[in-house]
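sequence plus predicted model, see below.
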Amino acid sequence: MARPVTVTKERILSAALDLVRSGGPSLLTARNLCARLGCGASAIFSSFGSIQGVRDAVRAEARKLYRKRVGDGFALNTPFRGFGIAFIWFAMDEPYLFSMIMEPQSQPASYMDFIDSHVGFKAECLSAI
């Protein structure tokens, strides 16, 4: 009979997010993640392939949280101002996740490319203005 899976991909991602939130992306190592979850590295590597896969998943999850929180700012009375306030609040509440999102993976061709790919909400901002 096979052993039941106790460390799921969701638990690994949740623990990785907690590590990044508590001390930044530098804490996101296989050793720290295994210690937090009480598992071996094989559980992490079989789910994500590598620690870079975990980092990519954390960055994607951080982007979802960012888009939700900052996007909700457009629902305020003055949409563009609401966006700006929500943007700043997210940066203050989640500084490490914010830095992961805003850190370019590669050199953007221009400032506008950076804004489009990292800050997002270009169409929403233009319509609010």
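That came through, no problem.

which stretches of the protein have low pLDDT?
1-5, 104-120, 122, 125-126 (pLDDT under 70).

ranges for the helices of it?
In the chain, helices defined by DSSP state H lie at 9-23, 30-37, 41-48, 51-71, 79-93, 95-102, 111-114, 122-128, listed in chain order.

so can I have JSON lines of the ones you listed showing mean neighbour count?
C-beta: built from backbone N, CA, C; applies to glycine. Output for those, formatted as JSON lines (neighbours: other C-beta atoms under 10 Å):
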{"stretch": "helix 9-23", "mean neighbour count": "17"}
{"stretch": "helix 30-37", "mean neighbour count": "16"}
{"stretch": "helix 41-48", "mean neighbour count": "16"}
{"stretch": "helix 51-71", "mean neighbour count": "16"}
{"stretch": "helix 79-93", "mean neighbour count": "16"}
{"stretch": "helix 95-102", "mean neighbour count": "17"}
{"stretch": "helix 111-114", "mean neighbour count": "11"}
{"stretch": "helix 122-128", "mean neighbour count": "12"}
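
and the gap between the nearest residue to residue 19 once chain neighbours are set aside and residue 15?
In space, residue 19 comes closest to residue 27 once its chain neighbours are excluded; the distance is 4.7 Å by C-beta to C-beta, 6 or more residues apart in numbering. Note on residue 27: its distance to residue 15, by C-beta to C-beta, to the nearest Å, is 11 Å.
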